[in-house]
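Novice: sharing a model that was predicted from the sequence below.
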Amino acid sequence: MIKRSEEIKPAMPGVILELITYNREKYNKFESSDPDELITRLQPDQVNWVNLDGLNNSDIIEKLQAHFCLHPLLVDDVLADQRPKAEEYDDYLFVTLKMLYRIEGTSIDYEQVSFVLGSNYLLTFQEKEGDLFEGFRERIRQDLGKVRKKHADYLLYRLIDIIVDNYYAVLDRIGDIIDDIEETVYENPTNETFYKIQALKKELIYLRKALYPLRDALSKLVKGESDFVREENLRYFSDVYDHVSHIIDSMDTFKDLTSSLMDIHINAMNTKMNEVMKVLTVISTIFMPLTFIVGVYGMNFKFMPELDWQYGYFLVWGIMGAIFVTMMIYFKKKKWF
Amino acid sequence: MIKRSEEIKPAMPGVILELITYNREKYNKFESSDPDELITRLQPDQVNWVNLDGLNNSDIIEKLQAHFCLHPLLVDDVLADQRPKAEEYDDYLFVTLKMLYRIEGTSIDYEQVSFVLGSNYLLTFQEKEGDLFEGFRERIRQDLGKVRKKHADYLLYRLIDIIVDNYYAVLDRIGDIIDDIEETVYENPTNETFYKIQALKKELIYLRKALYPLRDALSKLVKGESDFVREENLRYFSDVYDHVSHIIDSMDTFKDLTSSLMDIHINAMNTKMNEVMKVLTVISTIFMPLTFIVGVYGMNFKFMPELDWQYGYFLVWGIMGAIFVTMMIYFKKKKWF
Amino acid sequence: MIKRSEEIKPAMPGVILELITYNREKYNKFESSDPDELITRLQPDQVNWVNLDGLNNSDIIEKLQAHFCLHPLLVDDVLADQRPKAEEYDDYLFVTLKMLYRIEGTSIDYEQVSFVLGSNYLLTFQEKEGDLFEGFRERIRQDLGKVRKKHADYLLYRLIDIIVDNYYAVLDRIGDIIDDIEETVYENPTNETFYKIQALKKELIYLRKALYPLRDALSKLVKGESDFVREENLRYFSDVYDHVSHIIDSMDTFKDLTSSLMDIHINAMNTKMNEVMKVLTVISTIFMPLTFIVGVYGMNFKFMPELDWQYGYFLVWGIMGAIFVTMMIYFKKKKWF
Amino acid sequence: MIKRSEEIKPAMPGVILELITYNREKYNKFESSDPDELITRLQPDQVNWVNLDGLNNSDIIEKLQAHFCLHPLLVDDVLADQRPKAEEYDDYLFVTLKMLYRIEGTSIDYEQVSFVLGSNYLLTFQEKEGDLFEGFRERIRQDLGKVRKKHADYLLYRLIDIIVDNYYAVLDRIGDIIDDIEETVYENPTNETFYKIQALKKELIYLRKALYPLRDALSKLVKGESDFVREENLRYFSDVYDHVSHIIDSMDTFKDLTSSLMDIHINAMNTKMNEVMKVLTVISTIFMPLTFIVGVYGMNFKFMPELDWQYGYFLVWGIMGAIFVTMMIYFKKKKWF
Amino acid sequence: MIKRSEEIKPAMPGVILELITYNREKYNKFESSDPDELITRLQPDQVNWVNLDGLNNSDIIEKLQAHFCLHPLLVDDVLADQRPKAEEYDDYLFVTLKMLYRIEGTSIDYEQVSFVLGSNYLLTFQEKEGDLFEGFRERIRQDLGKVRKKHADYLLYRLIDIIVDNYYAVLDRIGDIIDDIEETVYENPTNETFYKIQALKKELIYLRKALYPLRDALSKLVKGESDFVREENLRYFSDVYDHVSHIIDSMDTFKDLTSSLMDIHINAMNTKMNEVMKVLTVISTIFMPLTFIVGVYGMNFKFMPELDWQYGYFLVWGIMGAIFVTMMIYFKKKKWF
Ligand SMILES: [Mg+2]
Ligand SMILES: [Mg+2]
Ligand SMILES: [Mg+2]
Ligand SMILES: [Mg+2]
Ligand SMILES: [Mg+2]
Ligand SMILES: [Mg+2]
Ligand SMILES: [Mg+2]
Ligand SMILES: [Mg+2]
Ligand SMILES: [Mg+2]
Ligand SMILES: [Mg+2]
Ligand SMILES: [Mg+2]
Ligand SMILES: [Mg+2]
Ligand SMILES: [Mg+2]
Ligand SMILES: [Mg+2]
Ligand SMILES: [Mg+2]
Ligand SMILES: [Mg+2]
Ligand SMILES: [Mg+2]
Ligand SMILES: [Mg+2]
Ligand SMILES: [Mg+2]
Ligand SMILES: [Mg+2]
Ligand SMILES: [Mg+2]
Ligand SMILES: [Mg+2]
Ligand SMILES: [Mg+2]
Ligand SMILES: [Mg+2]
Ligand SMILES: [Mg+2]
Ligand SMILES: [Mg+2]
Ligand SMILES: [Mg+2]
Ligand SMILES: [Mg+2]
Ligand SMILES: [Mg+2]
Ligand SMILES: [Mg+2]
Ligand SMILES: [Mg+2]
C-alpha cells in the first residue's frame, strides 16, 4: 500500500550514516554504516545531528528506531510517500517535507526529507544520497554563523531554510520560461509553445502539492505549539514560514500568468485560422465569378452573338478586370488583408 | 425515500453473521445466521467483533438493534445510502464510510460499511458479502501485530486503515491512466482519448464525494471528541486522517492534470482542424487561378490573338508554372506546410 | 416591495384552516374557515397543530397574529418570498423553507412553508392548498410511530423531514436524466441534448438557492441554540441536517457531471464539424487538380501537340486516375476518412 | 486622490438642508440653507433628523462637523467614494452605503448615502437632491407606523430598509431581462442578444460591489456591537440583513443563469456556423465532380470515342443524375440537412 | 537566494541618508552620507525620521542595524524581495510594502519600502531614490496638519496612507483603459485590443500580489496587536485598511470586467469568422451550379440538341438568372447577409 520512492539506490555504496556532534567548543564528524557504533558516539552534552541517506536498509532503521524510541507510525511516515507535515510526539518533534534535488528544463524531481528533533539531537532521513547541506556542514565545522552557539532546534530551522531557499531557484526558472513564452506566443503560436505552457502548468500543480501542506506544517510550529522549538527561535521558523508564503504567492501569480498565456495562445491560433479562411474566401470570391464568365464563352451554342464581335474577347477581359478591382477594393475596405 | 443499494443479494447464502472474540489470551470465531445464538456467545471481558454481511434481513437487524440498544436513526443510516460521518451516541460511536470493492477500468463500485463502537464491542455492517479484512482476520487469529493487546477502538482504527489504504490502489490506477493518456493526447487526439479523460473526471467526482466527508468525520475523532476512542489511540486515527488528506491532495492534483489533458486534447483537435483548412486553402489558392487561365483559353471568341501564336500553348504553361512556384514559395514562407 | 408568490389561488375554496390536537390519549381534528372558532378549540394540555393553506386572507392572518402574538416582521416573512431560515423569538421559534410540490420534466415548482413552534403548538403556513403531509396526518390519527408520545418540536421535525425526503425524488430524477443524456451525447450531439443539459443546470441553480440556506438554518437548530427544541430531539434535527448535507453533496456532484456533459457535447459538435471540413477538403483536393487538367485540354490553342496524339485522351485519363489514387492513399494515411 | 462623484450639481438650487424633529406628540419640519439657523432649531428631547443634499458646500459641512464633533476621517468617508461600511465612534455610529436612484435599461446609477446616528439625532448625507424617502417623511408627519414612538436608531433602520427594498426592483428587472434573453437566445443568437447578456453581467458585477460590503456592515450591527442600536431594535436590523442576504442569493443565481445564457449563445453561434459549413460542403461535394465530368467532355482531343456516340450526351446526363441522387441520399443519411 | 531588485543604482550619487527631527516646537532636517554623523544628530525627545534611499551600501545598513539593534532577519527582509507584512519585534514594529513609483501605459514598476517604528523614531528603507513623500515633508516643515503634534506612529500612518492613495491613480487608469477597450472591442476586435486586455490582466495579477498581503498586514495593526501603535491612532490605520479593502474590491471588479471583455473579444472574433465563412459559402453556392451549367454546354458531343436551338444561349442565361435570384432570396431569408 505504501508507495516507496522508485529510484532508491539498490546497494549501500560506502558510507550512508553520518553523525555530526558539536557545541561552542567541540566539533566532530563521524561516518559509518554501522548504527551500533554510531550510537556509542552520541554526545549527551552536545548537539547530535544524525543523517541517514537511503531508506532501504531496514536493519539500520530498526536500530535507530530502537535507540530513539521512534513511534512505528513515524517510521511509516519516513518510509512512505508522505505529504509535508509537522507532528509533536512525547519525546520529539517530527517534520517531513519535499526537497528539490534535480531540475531539468521544466521537470523537477523531489526527494522526501524527514526530521526528528529531540532535546539534544536531530535525525534527518533522506531518500537518496546527496543533498543541499554540504556548504552548511562546512560552516558548522568552521564555526561560521550562529549554529554552534545554538541548540538542535536552530539546526532544524537552518536545514528547512536551506531547502526552502532552493525553491526560489525553481521560481526564477519558471519566471524566465514564462518570459520566454510570452515573447514567442503572440507572433508564433506553435504547438511547441503550447506544450511548454502545459509543462509549466503541470510543474506548478506538483509544486503546489509540496508547498501548501508545508506552509500548514510550519504555521503549526510558528504558533509555538511545539515544546521542542525554543521560544527564542520561533522568529526563525516564522521567517521560513514567510518565505514559503512568498513562494506560494509567486506560484499563484505564475498560475494566473500561465492561464493568461493559454488565452494568448488560443487567440493566436484562432487569428491564424481566421487568416487562412480569409485567404480562401478572397481567392474563391474573386476567381469563381471570373471562371464562370470564361465558362460562359466556352459554351458551344451555335448562336452566341458576343463570340462574333471584333472586340468581344477584350471586352470580357475588361469586365473581368473591373470585377477583380471592385472585389479588391471591397476586401480592402473590409480589412480582410 | 431511503435509497437502498441496488445490488444487494436476494437470498442469504449460508453464513452472514460472524462473531470474533479475543483478548491477549483467548481467541474465538463463530459463524451463524441466528442472531440470538450469536448474542449468547458475546464475551463481556473480551473484544467482540460482530460482522453482518447483507442488510436485507430485517429480523437479524432488529435483534441486533434490540440487544445493543441501537438508535432507530442509526439503523436508518446503516440501511440507507449515507454520506460518510462519525456520530457520538450515549453508548457507542457510530462511523459510516464507503469501501471500494471492485475496480474495473476507470469504473469503481462502492460498498457502504458502518461501524458501531461500544466499550467492548465493534459492530460492522456491510452491504455485500466479501471485504478487505480477510488477511487481517488471520492476523488476529495468529496474534500478529498489536491488535490482541488492544481494545475495540484499535480494531476500529485497523479496519478503517485497511479501507483507506485500498484507496491508494485507485490513485495508482488513475495515475497510470493519466500517464497513458498523456502519451497519446499530444499526437493523436482521437475521441477515444477524450472519452477516457471524461471517464477519469467522472470517477474523480465520485471519489471526492466519498472522501471529503470521510476526512471531516475522521477529523472529529482526531480532535478527541469521542469518549469511545482512547487517548493513547488518537495518534492512530490521526494517521488515517493523514492518509485521507494525502489521497485528497492527490485527487486534486489529478483533477488539475485531467483538466490540463482536456486543454491539450482541444488544442490537438484545433491544430488538426487548422491543418485541414490549410490544405483546402493551399489547393484552392493554387488551382483556382490556374483553372481560370485555362478557362480563358477555352473561350470560343472568333478573335483571340493568343490562340494563333505558335508557342501560345507553351507560354500559358510557363505562366501557370510561374504562378504555381510563386504560390508555393509564398505558402512555404508563411509556414503553412 | 414584497414579492408575493404569483400563483396563489384567488378565492377560498372551502376549508383552509385546520387544527389537529393530540396527546397520548386524545386526538381531534377540526376544519374551519373561522379563526375565532378555531382559537376557542385550542387545547392547552395537548399539542396543537394549526395549518393555514393560502396566505391571501389577511383577516385570518391578523387574528392568528393577535392570538399567538406573532411579531410583524415574522408575518412579513411568512407572506413574502423568504430565503430559508430559522429565527428564535421570545415566545416561539420561526422556521421557513421551500417545499417542492410539483415536478414536471426538469422543471420544479416550489412552495414556501413557514413554521412557528411554541411551547405547545405548531403553526404551519402554506402558500397553496395541498401538501406532502396527508399520510403523516393519518399516522397521527392512528397513533403510529412516536409522534403522539412527543411534544410539538418533534412534530416540527417530522414535517421538515417529510419535506426534505421529498428532495430525494428530485435527485433521483436528475440522476436519471443525466444517465439519459450521457447515453446520447457521445454519438448524437443534437441541440435537444444541449437544451436538456441547460435545463438541468438551471434546475440545479434553483435547488442550490433553496438548499444552502436551509442547511444553515438547520445547523442553527442542531447546535442547540433554540429553547423550543428539546435536547432529547436534537438528534432528530441532526438527522435532517445530515440529509440536507447529503442532498447538497449530490447536487454538487450533479453540477460537476453536468459540466462534464457540456464538455462532451462541445467535443462531439467539434468532431462533427471537423468531419464536415474534411469531406470538403478531400473533395476539393481531388477534383480541383483534375478539373484543371481537363480545363487545359479544353483550351483552343491552334498548336497543342497532345490533342493530336492517338491515345492522348486515354493518357489523360490515366494521369487523372493516378492522381486520384495517390490522393486517396495520402488521405487514408492521414486518417482523414 | 479622493474620487468625488462626477455628477454633483454645481450650484445650490434653493433648499438643501432639512431638519425634521419629532416625538410621540410633536412634529416639525424645517428647511434652510443656513446651517447655523438649523442648529438652533435642534430639539434635545426629540428625535432630530438632519438631511443634507449635495456635498459640495464645504461651509455647511464644516459647521455640521463642528456642532456634531464629526471626526475628520468620517467627513472624508462622507465626501469620497466609500465602500459600504458601519463604524462605531465614541459619540455616534457611522454607516455608509449605496442607494440606487436611477435605473435605465440594464444601466444603474448609484448614489452614496451616509448616516451618522447619535443618541437623539440622525444625520443623512446625500450626494444628490432627491431620494426614496418622500413617502416615509409623510408617514412620520401623519404619525403612521411606529416611527414616532421610537428612537433615532429605528429611524436609521427604516431608511436603510427603504434603500434595501429598492434593490428588489433591480432584481425583478434583471429577472425579466434574463427571461427575455432566454426566449430569443436559443433560436436567434444575434450579437444584440450577446451584448444584452454582457450588460447584465456588468450590472451584476457592480451590484455585487455594492451589496457584499453592505451585508458585512449590517452583520456588525446585528451582532449588537454598536451602543447606538437599542437591543429591542436589533431584530429590525436583522430583518434588513436578511433582505440583503436574500438579494445576494438572487444575484448569485442570476450570475449563474447569465453564464448559462452565454453557453447557450455560444452553442447557437456554433450550430449556425456548422450549418453554413454543411451547405458549403454539400454544394461543393455535389458540383465539383459534376463540373469535372463536363470538363472532361469539353476537352478538344481529336480522338475521344464518347463524343461521337449517338446518345453520349444523354448518357453523361444520366451518369451525372445518378451521382447527384447518390450524393443526396448519402447526405440525407448523415443528417446534414 | 535573496532576490535583490535589479535596478538599484550602482554608485551613491550624493546624499542618500536623511534625518528629519521634529516636535511641536522644533523642526530640523539633516542630509548626509555618513551614518555615524547622522546617529549623533538623533533627538531623544523628538520624533526622528531616518530615511535611506538605496540598499546597496552595506556599511550604512550595518551601522543603522547596530545602533537600532535591528534583528538580522529584519535586515534580510529589508534587502530582499519581501511580500508585504507587519511584524512586531521587542523594540520596534516592522512593516514592509510595495510603493508604486512609475506607471507607463499598463505597465507598473514597484519599489519595496520598509518601515521600522520605534518609540520615538521611524526608519524608512527605500530601494531607489525618489518617493511620493516630498509634499508631505514640506507639510511637516511648515507645521501643516496634525503631524507635528503627534508621535512617530502617526508619521508611519501618514506615509502608508500616501502610498495607498497612490494606488487609486492606477485604479483610475485601469478604469479608463477598460472604458477605452469597451468602446472598440464590440465593433473592431483587433489583436491590439486583445493584447491590451491581456496587459491589463497581467497588471491586475501583480497588483493583487502587492495588495492582498498588505491588507492582512494592516488588519494585524488595526486589531491593536502592536504596542507601537497608540490606541488613539488605531482609527487612522483602520482608515488605510479601509482604503486597501476598497482598492481590492475595485480590482476584483476590474478583473471581472476584464474577463467580460475577453468574452466580448472572442465573440467578435467568432462573429467575424462566421461572416467570412458565409461570404465563401454564398459565393460558392451561387457560382458552382452556374459554372456547372456553362460547363455542360462547353462539352463537345456531336449530338447535343440544345446547342442548335436558336435561343438556346439566351435560355441558358435565363435559367442561370433564375437560379441566381432564387439563391439570393434563399440566403436573404436565412439572414446570411
Ligand atoms: Mg503514510
Ligand atoms: Mg515530477
Ligand atoms: Mg538526499
Ligand atoms: Mg531563507
Ligand atoms: Mg526573471
Ligand atoms: Mg438517511
Ligand atoms: Mg460508480
Ligand atoms: Mg462487504
Ligand atoms: Mg494506512
Ligand atoms: Mg504511476
Ligand atoms: Mg502516517
Ligand atoms: Mg423579514
Ligand atoms: Mg422579507
Ligand atoms: Mg422554477
Ligand atoms: Mg400547500
Ligand atoms: Mg428523512
Ligand atoms: Mg438512477
Ligand atoms: Mg440519518
Ligand atoms: Mg471551438
Ligand atoms: Mg476614502
Ligand atoms: Mg439624494
Ligand atoms: Mg424591507
Ligand atoms: Mg420575473
Ligand atoms: Mg524574512
Ligand atoms: Mg526574505
Ligand atoms: Mg511589472
Ligand atoms: Mg524611493
Ligand atoms: Mg488616504
Ligand atoms: Mg468609470
Ligand atoms: Mg476613510
Ligand atoms: Mg473558436
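Specialist: Sure thing, it's come through. Numbers count the residues shown, from 1 in each chain, chains lettered A, B, ... in the order given. Ligands and ions are numbered 1, 2, ... in the order given.
Novice: A:Met277 contacts E:Lys278, doesn't it?
Specialist: No: with contacts counted by Cβ atoms under 8 Å, A:Met277 stays clear of E:Lys278, the gap being 11.1 Å. Backbone N, C-alpha and C define where each C-beta goes, glycine included.
Novice: run through the stretch 101-250 of chain A and note the low-pLDDT ranges.
Specialist: Across the stretch 101-250 of chain A, the ranges flagged by pLDDT under 70 are A:102-103, A:105-106.
Novice: tell me which residue of it lies closest to ligand 28.
Specialist: Of all residues in the stretch 101-250 of chain A, A:Asp249 sits closest to ligand 28, at 25.0 Å by Cβ to the ion.
Novice: ok, the residue of the stretch 1-150 of chain A found nearest ligand 3 - how many residues close by?
Specialist: Ligand 3 sits closest to A:Gln126 of the stretch 1-150 of chain A, with a gap of 3.5 Å, by Cβ to the ion. A count of nearby residues for A:Gln126, using other Cβ atoms under 10 Å in any protein chain shown, gives 21.
Novice: circling back: helix or strand for the residue of the stretch 101-250 of chain A closest to ligand 28, which one?
Specialist: Secondary structure from DSSP states H and E places A:Asp249 in helix A:234-296.
Novice: so which residues make contact with the helix or strand A:Tyr330 falls within?
Specialist: A:Tyr330 is part of helix A:312-333 when elements are defined by DSSP H and E. Contact with helix A:312-333 is made by A:282, A:285-286, A:289-290, A:293-294, A:297, A:306, A:309, A:337, B:299, B:301-304, as judged by Cβ atoms under 8 Å, 6 or more residues apart in numbering or on different chains.
Novice: in that helix, what's buried?
Specialist: Residues A:Gly312, A:Tyr313, A:Val316, A:Met320, A:Met327, A:Phe331 are the ones in helix A:312-333 that count as buried (16 or more other Cβ atoms under 10 Å in any protein chain shown).
Novice: any idea of the mean pLDDT in it?
Specialist: Average pLDDT, helix A:312-333: 92.
Novice: distance from the chain centre to it, please.
Specialist: How far helix A:312-333 lies from its chain's middle: 59 Å, per Cα atoms, centre = their mean, to the nearest Å.
Novice: angle of it against helix B:234-296?
Specialist: Counting by axes from the mean of the first three to the mean of the last three Cα atoms, to 10 degrees, helix A:312-333 points 160 degrees away from the direction of helix B:234-296.
Novice: per-residue confidence averaged over the helix or strand hosting A:Asp36?
Specialist: A:Asp36 is part of helix A:35-40 when elements are defined by DSSP H and E. Mean pLDDT, computed over helix A:35-40, is 93.
Novice: buried residues in it, which are they?
Specialist: A:Pro35, A:Leu38.
Novice: cool, stretch A:143-161 as well?
Specialist: A:147-148, A:150-161.
Novice: next: stretch A:59-66.
Specialist: A:Ile60, A:Ile61, A:Lys63, A:Leu64, A:Gln65.
Novice: now the stretch 151-300 of chain A against ligand 17: closest residue?
Specialist: Counting by Cβ to the ion, the stretch 151-300 of chain A gets nearest ligand 17 through A:Ile205, at 33.5 Å.
Novice: three-state assignment of that residue?
Specialist: Assigned by DSSP: H, G, I helix; E, B strand; the rest coil, the conformation of A:Ile205 is helix.
Novice: nearest spatial neighbour of it, chain-adjacent residues omitted?
Specialist: Distances taken as Cβ to Cβ, 6 or more residues apart in numbering or on different chains put B:Asp256 closest to A:Ile205, at 4.6 Å, once the chain neighbours are dropped.
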